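[1] this is a predicted model, with the sequence first.
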Amino acid sequence: MAEATQFTWTHKELLTLMVKDKGIHEGRWMLLINYGMLAGNFGATEAELSPGMVVAIASLGIQREAPGQAAPPGLVVDAAVENPAPKSGRAQRVSASTERQPPSSQSPPDAPESSSPPAPSRRARPTLRRRT
């Protein structure tokens, strides 16, 4: 039998895996996607260049549903259903400590606020596509 080389998940399956991985047992959670964008000129030849944009997924995460703003049911998983808390008192303490930790994408509280977007991870380079 051939070895599997590819696996795919629906967004709800991915959400369930992430909620279980972080030990979250309460709340409604949805997928969070951070995008990076880069503008440039694209075309088969220099005479055919046109302005365009490249959009890349920079990171994936989960975000708790905001109070009073119900997300569409197909986009949300309920952690209490998908990852119910164990009955022991120790597990509840672990769950509470997990909830208090800010996501890794948040800046520390003492970081200065910036209104400019973050610097790109690598320098942009012009793209010229040629037909072969």
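    Looks like it came in fine.

[2] just the strands from this structure, written as ranges.
    28-42, 50-64, 76-78 (DSSP state E).

[3] okay, helices next: where are they in the chain?
    With DSSP state H as the criterion, the chain has helices at 11-21, 79-82, 89-100.

[4] what comes up buried for the shortest one?
    The one in question is helix 79-82. 79, 82 (16 or more other CB atoms under 10 Å). From N, CA and C alone the C-beta is placed, and that goes for glycine too.

[5] helices or strands up against that helix?
    Applying 3 or more CB pairs under 8 Å, 6 or more residues apart in numbering; DSSP states H and E, one finds that helix 79-82 contacts helix 11-21.

[6] in the helix it packs on, what counts as buried?
    Per 16+ other CB under 10 Å, helix 11-21 contains these buried residues: 15, 16, 18, 19.

[7] and stretch 75-93, by the same measure?
    Of all the residues in stretch 75-93, those buried under the rule 16+ other CB under 10 Å are 76, 77, 79, 82, 83.
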